[in-house]
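Visitor: fold the following.
(4 chains)
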Protein chains: 2
Amino acid sequence: MSTAQDTAGGETEPWEGVTPDAARRLLVAAVEAFAERGYHATTTRDIAGRAGMSPAALYIHYKTKEELLHRISRIGHDRALDILRTAARTEGSATDRLAEAVSSFVRWHAGRRTTARVVQYELDALGPEARAEILALRRQVDGEVRGIIEEGVASGEFDVIDVHGTTLAVLSLCIDVARWFNVDGPRTPDEVGALYADLVLRMVGAAKQAD
Amino acid sequence: MSTAQDTAGGETEPWEGVTPDAARRLLVAAVEAFAERGYHATTTRDIAGRAGMSPAALYIHYKTKEELLHRISRIGHDRALDILRTAARTEGSATDRLAEAVSSFVRWHAGRRTTARVVQYELDALGPEARAEILALRRQVDGEVRGIIEEGVASGEFDVIDVHGTTLAVLSLCIDVARWFNVDGPRTPDEVGALYADLVLRMVGAAKQAD
DNA sequence: GCCGAAGGTGAGCGCTCGCTTAGAGTGCCC
DNA sequence: GGGCACTCTAAGCGAGCGCTCACCTTCGGC
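Guide: Numbers count the residues shown, from 1 in each chain, chains lettered A, B, ... in the order given. Below you'll find the model as predicted:
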């Protein structure tokens, strides 16, 4: 069973299990291209080229360019949800679990920035059905974080007036890491995760953790 | 002279002064289209159509589609910087000024969401020169917020270890409002601004303001 | 050693893109 | 009232897009 610690920089990509090999290579190529240029600015020729294949080969494994994005988004959201669920179910106080949830979620957004960027920012390029499916996953993501905050409020650990609004702000803060994080910058994913966990505990009015 | 209060929902758009009339209509049309679909998914025919003109008319007022984005980004960043500067120069403690900066900045990102969305999320579509110009403005935005936080630390009002990281997080939180804010949602820009100001004061360890 | 399935390619179709051009309409200056 | 600058349009160019099609290669099963 995986621990949230897996989400640090060295994590294996979530599409390790995608088969056949060519389909996975195309998926990885698409993630890189979408992250660099955005979905609409990426051509199917570019994706196929990065995977070392001809433009036509893409259509053996995926019906459309949009299906590629849909698959990436689905797998990525599943992974993000898994990270939060793992953190939410660990032993400890609500304070401990919120810190673990934020730090592991942020580590993933920083360490797997290319993936996270596509997952979090290209949602609008999906068609109505695919978008509805992904939005359902997002509501579950929201629910996990809100659950921890509600428990902290109930136990008296947290001092939060607007639980929904605060949940939104916490998730927004974490997600936006995928926009600005720079792999060549001064901070490691672990450092940002630790900083953000501290900031979020302050936001919910939790007592300072033992150092 | 304008006060930060101008940034609430009823604010006039920053391109009021753009002339001639047709150039302004095209700019407004481009903002709406870029915000809805993204820069790359928007066609010049769509922009011209929204402005009630033929596709060719666009090129009388703008050399390229990218120039339109550049102009929007420039005007929008100038406005964002103006909001923060106004807040930073108001009378009062660092706590007061940080609260004012965050609430007015957030009000703008929520109330002028279409504009803010283009300004904050379509930067990568600009060419190298235009992007460099805009990035310089972003550094000034960063500097305004960092300045307030540094002053609060110096005066003992704030308890912040990592000033740069916290500045980044505060700005990130505010900017991401443009991604998720929904005009038809349950919160008004003023409400989100107030909530976020409170959350940010907690993040920097400021004493609770008098209610 | 032949066969069918699976996975690949080169060529290219139909379309839409950003942008250009030739020319028409309009109003202002002298 | 003639010339000119400005604004706009209809038509369309060349390029590149997502995607398809006819055909080729590889390989396990018998």
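Visitor: alpha carbons only for contacts and neighbour counts from here, please
Guide: Will do.
Visitor: name the residues that touch the helix or strand where A:Ala35 lies?
Guide: Using DSSP states H and E, A:Ala35 falls within helix A:21-37. By Cα atoms under 8 Å, 6 or more residues apart in numbering or on different chains, the list of residues contacting helix A:21-37 from outside reads A:15-16, A:18, A:39, A:41-42, A:46-48, A:50-51, A:58, A:61, A:68-69, A:72, A:114-115, A:117-118, B:124.
Visitor: name only those of those that count as buried.
Guide: Among the contacts of helix A:21-37, those that count as buried by neighbour count (16 or more other Cα atoms under 10 Å in any protein chain shown) are A:15, A:39, A:42, A:46-48, A:50-51, A:58, A:61, A:68-69, A:72, A:114-115, A:117-118.
Visitor: okay, A:Asp142: pLDDT?
Guide: As predicted, A:Asp142 sits at a pLDDT of 97.
Visitor: please disregard the earlier target; I meant A:Glu16.
Guide: Looking at A:Glu16, its pLDDT stands at 74.
Visitor: where's A:Thr188 relative to B:Val170, distance?
Guide: Between A:Thr188 and B:Val170 the distance, using Cα to Cα, to the nearest Å, works out to 19 Å.
Visitor: ok, the two, which is more surrounded?
Guide: For the pair A:Thr188 and B:Val170, the greater number of neighbours falls to B:Val170 (24 against 17), based on other Cα atoms under 10 Å in any protein chain shown.
Visitor: and the pLDDT at that one?
Guide: B:Val170 is assigned a pLDDT of 98 by the prediction.
Visitor: OK, contacts around the closest residue to A:Arg89 other than its chain neighbours?
Guide: What sits nearest to A:Arg89 in space, not counting adjacent residues and going by Cα to Cα, 6 or more residues apart in numbering or on different chains, is A:Arg97, at 7.7 Å. Remark: with contacts taken as Cα under 8 Å, 6+ apart, A:Arg97 is in contact with A:Ala87, A:Ala88, A:Arg89, A:Thr90, A:Glu91, A:Ile148.
Visitor: return the set of buried residues in the one helix or strand A:Arg97 maps to.
Guide: Mapping A:Arg97 onto the secondary structure by DSSP H and E places it in helix A:94-111. Residues A:94-111 are the ones in helix A:94-111 that count as buried (16+ other Cα under 10 Å).
Visitor: could you do stretch A:178-193 as well?
Guide: Residues A:Ala178, A:Arg179, A:Phe181, A:Thr188, A:Pro189, A:Asp190, A:Val192, A:Gly193 are the ones in stretch A:178-193 that count as buried (16+ other Cα under 10 Å).
Visitor: show me how to select, in ChimeraX, the buried members of the contacts of A:Arg97.
Guide: Buried residues within these, as defined by 16+ other Cα under 10 Å, are selected in ChimeraX through the command that follows:
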select /A:87,88,148
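Visitor: could you tell me the angle between the helix or strand containing A:Ala136 and helix A:94-111?
Guide: Here A:Ala136 is covered by helix A:128-154, with elements defined by DSSP H and E. Direction vectors for helix A:128-154 and helix A:94-111, defined by axes from the mean of the first three to the mean of the last three Cα atoms, to 10 degrees, enclose an angle of 150 degrees.
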